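Asks: build the 3D model from these lines:
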Amino acid sequence: MNGDDLAGLERRRLRALVDVDVDVANELHAHDFQLITPSGTVYSKNEYLQGVASGEINYLLWEPEDIRALVRGDGGCLRYRSTIHMCFKGHEAPPARYWHTDYYENREGVWQVVWSQATEAAPA
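Replies: This next block holds a predicted model:
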């Protein structure tokens, strides 16, 4: 795995979340995955993917900019800015920009995201 491959894997994960492809999303998230949202809420894998599957978390758009990735051995980290347009619990939020930092590991030959953190980005 190199940085370009990891960035491609992240794009695949984002597409799965927007498309509500829970099977692909389940493959790409580690069993002990944690998301920390810009508001500081912590989601486990099950909480997050159930929210996506139910429509409680509904990504209308998740458009990443240049994804920078570092890979060392069986671990890799990436960061990027994106524009997200989403509905949360039935309330549509205006599109906003965020910074993302994600940590992946190769576990038994499968690369999965373990930690994900998003921070609101300053206006462009």
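
Asks: CA only for contacts and neighbour counts going forward, please
Replies: Fine.

Asks: can you pull the buried residues of the longest helix along the chain?
Replies: Ranked by residue count, the top helix of the chain under DSSP state H comes out as helix 3-18. Buried residues in helix 3-18, counted by 16 or more other Cα atoms under 10 Å: 3, 6-7, 9-11, 13-18.

Asks: over to stretch 80-89?
Replies: Within stretch 80-89, the residues that count as buried by 16+ other Cα under 10 Å are 80-87.

Asks: pLDDT added to those, as JSON lines?
Replies: Shown next, in JSON lines, are those (pLDDT from 0 to 100):
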{"residue": "Tyr80", "pLDDT": "98"}
{"residue": "Arg81", "pLDDT": "97"}
{"residue": "Ser82", "pLDDT": "97"}
{"residue": "Thr83", "pLDDT": "96"}
{"residue": "Ile84", "pLDDT": "97"}
{"residue": "His85", "pLDDT": "97"}
{"residue": "Met86", "pLDDT": "97"}
{"residue": "Cys87", "pLDDT": "97"}
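
Asks: out of the buried residues of helix 3-18, who's nearest Ala53?
Replies: Closest approach between the buried residues of helix 3-18 and Ala53, by Cα to Cα: Leu17, at 8.9 Å.

Asks: and the pLDDT at that closest one?
Replies: pLDDT recorded at Leu17 is 98.

Asks: was I right to think it contacts Asp23?
Replies: No: here Leu17 lies out of contact with Asp23, judged by Cα atoms under 8 Å, at a distance of 10.1 Å.

Asks: the helix or strand Ala25 falls within packs against which elements?
Replies: Ala25 belongs to helix 22-28 when assigned by DSSP states H and E. With contacts taken as 3 or more Cα pairs under 8 Å, 6 or more residues apart in numbering; DSSP states H and E, helix 22-28 sits against helix 3-18, helix 45-54, strand 110-120.
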